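K.L.:
3D, please:
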Amino acid sequence: MSKGGKSDQEEGEENMAAWLLGLNTLKIQPFKLPPLGPHDVRVGMKAVGICGSDALRLADYVVKEPMVIGHECAGIIEETGSEVKDLVPGDRVALEPGISFWRCDLCKEGRYNLCPDMKFFGLPPFHGSLARQIISLICGALFPEHFRALGENGRQNLDMDNIDHYWGLSWLIVHPAYLCFKLPDNVSLEAGALCEPLSVAVHACRRGNISPETNVLVMGAGPIGLVTLLAARAFGAPRIVNVDVDGNRLSVAKELGADGVVKVSTNMQDIPKEVETICYVMGAKVDVSFDCAGLSKTMSTALSVTRAGGKVCLVGLGHNEMTVPLTPAAAREVDVIGVFRYKNTWPLCIELLRSGKIDVKPLITHRFGFSQKEIEEAFETSAGGGNAIKVMFNLKSKRMGKGGKSHQEGEENMAAWLVGLNTLKIQPFKLPPLGPHDVRVRMKAVGICGSDVHFLKTLRLADFVVKEPMVIGHECAGIIEEIGSEVKNLVPGDRVALEPGIGCWRCDLCKEGRYNICPDMKFFATPPVHGSLARQVVHPADLCFKLPDNLSLEEGAMCEPLSVAVHACRRANIGPETNVLVMGAGPIGLVTLLAAHAFGAPRVVVVDVDDYRLSVANNLGADGVVKVSTNMQDIPQEVERICEMMGAVGVHAITMTVPLTPAAAREVDIIGIFRYKNTWPLCIELLRSGKIDVKPLITHRFGFSQKEVEEAFETSARGGDAIKVMFNL
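P.N.:
Residues are numbered from 1 along each chain as shown. Alright, predicted model coming up:
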C-alpha cells in the first residue's frame, strides 16, 4: 500500500511533461508513469531549472528518440510507496536526478557519480524531470545501508536486469525515495531545485579540498561557476576570484561575494596578460582553480596561474580534447582533478542553504510557467545567454495541503517535455504508484542547467542521447505532498531539495561511497531518465533533503549546482591554506567561487572572458577576477595576470600539441570531477548558515507555461546576463 491517498492519475488527471522530440523541438505532451512501487515516491514538480545540458549538446550524449528533459528540480511529495519511511505526502523535496545501480566497481568504491550505467534525468536515453509529476523509487533497498543490509544472497536475488518490469512502463522515469531530500521551511522549492547545480559545486569543492586556507579561482561565471563560487565560500575559501568573458555575469559574481572578478577574452594570445591580471586581482597564490567552462583557453589559464602544488579542477565538460600546457604544470606538481556531477551532496547543499551560508536565489534570473509557449521561451532564454544565469520553471498547483488525497483533484500533472530539437512542450506526465520508500513532491523551484540547454539544442550530451521525448530539469526543490509507508524522516508539507542522481548501490563505486560516478546512475533529465520540470515528481525519500526555515525553495533547487562546486572543493581539498583559481564565471564557476570561500579558501580568483560574469564573481566575493581572451597565444600573459591577481609568481605557459605530457612531467594530478556525492546536506548547511548565498545567482525567473518554458530556455541559452534561470511552479 502507498501512503498519501489516491494518485493524481486515479483522479482522472493526465501527467504532462516537456518532451524533446527533435532538434530545437520541445512539446508538452502526456507522460505516463508506471505504478508506484513500495520504495517509490510520486512528486508534484514545483520548480525545475534549465541546465546548459538541456539546451546544448554535451560531450557524447546523443538524443536518439523523444525524451522528457530537465533534471534540476524540486517539488512536493504527493504519494509514497509502502516501504518509504522518511518522507510523507506534503514534504517539500529536492530531487537528485542520477540513479546508480550499486553493482559496478565505481559504486562500490563510493563514487556512484561515475557509475557507467547511471541513469540521469534528461540525459539520453533517460527522461528528465520537466513534468508535473514523476515517480522516484528505491529498487529493492537501493540506499547503501539498506542494500548492504540485504546481504550477498539478498543482493543476488534482486533482478536488476528486469527492473524495467518492476518499474512499470519505463524505469527511466522512476526514482529512489532516498534521492528526494526534504527541504527546511526556510528553503524555497526553487532553491531546492538549484541543489542540483549546487551539488556540482559542492562536489567540486570536496574534490578540491577547499578550506579556509584555500584561495580559489573560478573560471566561468555561468550557473555552475556561480554556484561554485558560493560553495567555495561556504567551504571556507578566504579569497575567490571569478573569471569570465561576460561583464554582466562577472557583476553577478561580484554581487554574490567574489573577492575579485576578471574579464577575459576568447583569444588564446591574451592568456599571459590575463594571467597577470588574475594574479593581481587575487592578491595571493591560486591554490585551487575551478575550470567551469572546459575549454582549452580556460584550462590553459588555470594550469598556468595555479600555484606549484596546487589543483586545477575541471568542472565544466566542454571539448573532449584540449591543447593545454600540461608539461609546465606537471613540473610544478599542479594536480588536474576531474569533477563529474556529484555524490552525496544534497544534504550538505540543503544545510548550506538552510544556514544561509549559501544563497542561490540571486542566480535565478528568469522564471517561466509550464505552458508550451513558456517552455519554448525559457529554453530560448537559457540558450541565448545574455543576462540569463539560471532559468527556472515554476509549476503552479491548483491545490495545497498535506498528505491524504492528491492535491490536484481533476488537475493533470504537466511537465516540460523535450520532444525534439529546440522543441519543448508542456504535456501530461503520468506518475507511477508511490513506493514505500518514495515521496511525491510538488515541484516549486526548478533551475535551468547548461545540460538542459545542451539537450534542447543538440539532443545529446557526451554519450547521452535523447531518443524519445523526455521531461527535462534536475535542479529542483518542492514540497512533499505524500510519502511511502516506510518513509520516516519526512512528512507532507516538508520543503525539500532533491538530489537528482540515483546510484545503483551495487557497484564498487557506490559501495566505496563514490556513487556520483556510478556507471548505472539514474539522473534527472539524463536520457532516458525523465527530469523534474513538472508539477509533481516521485522521488526516493533519501534523496529529498529538508530545507531549513530560512532557506527558500529556489535556494533548495540551487543545491544541485552548488553541490558540483562543493564536490569540486572536496576533490581539491580546499582549506584555509588553499588559494583558488576558478576558470569560468558561469553558474558552475560562480558557485565554485562561493564553495571555495565556504571551504575556507583565503583567496579565490575567477577568470572569464565575459565582463558581466566577472562582475558577478566580484560581487559574490571573488578576491580577484581576470578577463581573458579565447586566444591560446594569450595564455602566457593571462597567466601572469592571474598570478598577479592571486599574488603568486607569474609562470609562462608552454603549450604542447599533446597536452597531457607537460602535466605528467610536473606530476600534476588530473583529478576528474563528475556531478557530486553526498553534497546536499553540506550545501543546505552552507546556505542555512549564510556562508553561501546563491540567491544572487538567480537572474531570471519564469512560470510554468509553454511560453515561459520556451522563453526561459532561450534566456538560459543566450547567456549574457543570465546566470541561473529558475522556474517557479
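K.L.:
where does the chain dip in pLDDT?
P.N.:
The chain contains residues with pLDDT under 70 at 1-13, 34, 53-63, 101-103, 121-175, 385-386, 395-411, 647-670, 672, 720.
K.L.:
one more time with 50
P.N.:
By pLDDT under 50, the weakly predicted segments of the chain are 1, 5-12, 57-60, 136-174, 397-410, 648-658, 660-661, 663-665.
K.L.:
which residue is nearest the centroid of it?
P.N.:
Central residue of the chain (Cα atoms, centre = their mean): residue 197, 2.3 Å from the mean position.
K.L.:
partner residues bridging residue 714?
P.N.:
residue 382 (DSSP bridges).
K.L.:
can you report how many residues lie near it?
P.N.:
Counted with other Cβ atoms under 10 Å, residues neighbouring residue 714 total 31. Backbone N, C-alpha and C define where each C-beta goes, glycine included.
K.L.:
repeat that for residue 638.
P.N.:
Applying other Cβ under 10 Å, we find 40 residues neighbouring residue 638.
K.L.:
cool, and residue 69?
P.N.:
By the criterion of other Cβ under 10 Å, residue 69 has 55 neighbours.
K.L.:
that one contacts residue 454, doesn't it?
P.N.:
No. Applying Cβ atoms under 8 Å, one finds residue 69 not in contact with residue 454, separated by 10.0 Å.
K.L.:
domains of this structure?
P.N.:
If you go by automatic domain parsing, the domain ranges for the chain are 9-195+344-560+698-728, 205-340+571-674.
K.L.:
can I get the ones you listed in TSV including distance to residue 684?
P.N.:
TSV is the format used below for those (distance: least, Cβ to Cβ, whole Å):
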stretch	distance to residue 684
domain 9-195+344-560+698-728	2
domain 205-340+571-674	10
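K.L.:
quick one: closest of those to residue 690.
P.N.:
Taking Cβ to Cβ, domain 9-195+344-560+698-728 is the member of these nearest to residue 690, at 2.9 Å.
K.L.:
that's a strand at residue 277, yeah?
P.N.:
No. Assessed with DSSP: H, G, I helix; E, B strand; the rest coil, residue 277 is helix; it does not lie in a strand.
K.L.:
pretty sure it contacts residue 627?
P.N.:
Yes. The criterion here is Cβ under 8 Å, and residue 277 meets it with residue 627 at 6.8 Å.
K.L.:
need the overlap of contacts for those two.
P.N.:
Taking Cβ atoms under 8 Å, 6 or more residues apart in numbering as the contact rule, residue 277 and residue 627 both touch 262, 264.
K.L.:
where do the strands sit along the stretch 551-700 of the chain?
P.N.:
Assigned by DSSP state E, counting those that start in this stretch, the strands in the stretch 551-700 of the chain fall at 579-583, 601-608, 610, 621-622, 624-627, 629-631, 672-677, 698-705.
K.L.:
okay if I get those strands as TSV plus distance to residue 512 and mean neighbour count?
P.N.:
Shown next, in TSV, are the strands of the stretch 551-700 of the chain (distance: least, Cβ to Cβ, whole Å; neighbours: other Cβ atoms under 10 Å):
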stretch	distance to residue 512	mean neighbour count
strand 579-583	27	48
strand 601-608	27	48
strand 610	38	37
strand 621-622	34	44
strand 624-627	37	41
strand 629-631	39	21
strand 672-677	10	38
strand 698-705	35	34
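K.L.:
so can I have JSON lines of those strands showing distance to residue 336?
P.N.:
Shown next, in JSON lines, are the strands of the stretch 551-700 of the chain (distance: least, Cβ to Cβ, whole Å):
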{"stretch": "strand 579-583", "distance to residue 336": "12"}
{"stretch": "strand 601-608", "distance to residue 336": "16"}
{"stretch": "strand 610", "distance to residue 336": "24"}
{"stretch": "strand 621-622", "distance to residue 336": "22"}
{"stretch": "strand 624-627", "distance to residue 336": "20"}
{"stretch": "strand 629-631", "distance to residue 336": "20"}
{"stretch": "strand 672-677", "distance to residue 336": "9"}
{"stretch": "strand 698-705", "distance to residue 336": "31"}
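K.L.:
among those, which is nearest residue 559?
P.N.:
Nearest of these (Cβ to Cβ): strand 672-677, 9.4 Å.
K.L.:
how far off centre is the closest one?
P.N.:
Per Cα atoms, centre = their mean, to the nearest Å, the displacement of strand 672-677 from the mean C-alpha position of its chain is 10 Å.
K.L.:
how much space separates the spatially closest residue to residue 253 that is not a sequence neighbour from residue 38?
P.N.:
Leaving out its chain neighbours, the residue that sits closest to residue 253 by Cβ to Cβ, 6 or more residues apart in numbering is residue 617, at 2.3 Å. Using Cβ to Cβ, to the nearest Å, we find residue 617 at a distance of 46 Å from residue 38.
K.L.:
ditto for residue 590
P.N.:
Distance, residue 590 to residue 38, by Cβ to Cβ: 41 Å.
K.L.:
kindly report the same for residue 548.
P.N.:
Per Cβ to Cβ, residue 548 is found 30 Å from residue 38.
K.L.:
was I right to think residue 473 contacts residue 190?
P.N.:
No. Checked against Cβ under 8 Å, the pair residue 473 and residue 190 is beyond contact range at 11.7 Å.
K.L.:
any shared contact partners between these two?
P.N.:
Common contact partners of residue 473 and residue 190 (Cβ under 8 Å, 6+ apart): 49, 446-447, 727.
K.L.:
show me those residues that map onto helices.
P.N.:
Within the shared contacts of residue 473 and residue 190, no residue falls in helices by DSSP state H.
K.L.:
now these as CSV including distance to residue 237?
P.N.:
Formatted as CSV, the shared contacts of residue 473 and residue 190 follow (distance: Cβ to Cβ, whole Å):
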residue, distance to residue 237
49, 24
446, 28
447, 23
727, 30
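K.L.:
drop the exposed ones from those and show what's left.
P.N.:
Buried members of these, counted by 16 or more other Cβ atoms under 10 Å: 49, 446-447, 727.
K.L.:
got a list of what residue 353 touches?
P.N.:
Per Cβ under 8 Å, 6+ apart, neighbours of residue 353: 184, 187, 191-192, 195, 198, 359-360, 497, 547-548, 551-552, 555-556, 558-559, 562, 683-684, 686-688, 692, 694.
K.L.:
right, I mislabeled it, should have said residue 701
P.N.:
Neighbour list for residue 701: 190, 364-368, 392, 394, 554, 725-728 [criterion: Cβ under 8 Å, 6+ apart].
K.L.:
what segments of the stretch 501-650 of the chain are helices?
P.N.:
508-511, 553-557, 559-571, 587-597, 611-619, 635-646 (DSSP state H, counting those that start in this stretch).
K.L.:
list the buried residues of the last one.
P.N.:
If you call a residue buried by 16+ other Cβ under 10 Å, then helix 635-646 has these buried ones: 635-646.
K.L.:
would you turn those into JSON lines with distance to residue 207?
P.N.:
Output for the buried residues of helix 635-646, formatted as JSON lines (distance: Cβ to Cβ, whole Å):
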{"residue": "635", "distance to residue 207": "24"}
{"residue": "636", "distance to residue 207": "28"}
{"residue": "637", "distance to residue 207": "29"}
{"residue": "638", "distance to residue 207": "24"}
{"residue": "639", "distance to residue 207": "23"}
{"residue": "640", "distance to residue 207": "27"}
{"residue": "641", "distance to residue 207": "26"}
{"residue": "642", "distance to residue 207": "21"}
{"residue": "643", "distance to residue 207": "23"}
{"residue": "644", "distance to residue 207": "27"}
{"residue": "645", "distance to residue 207": "23"}
{"residue": "646", "distance to residue 207": "20"}
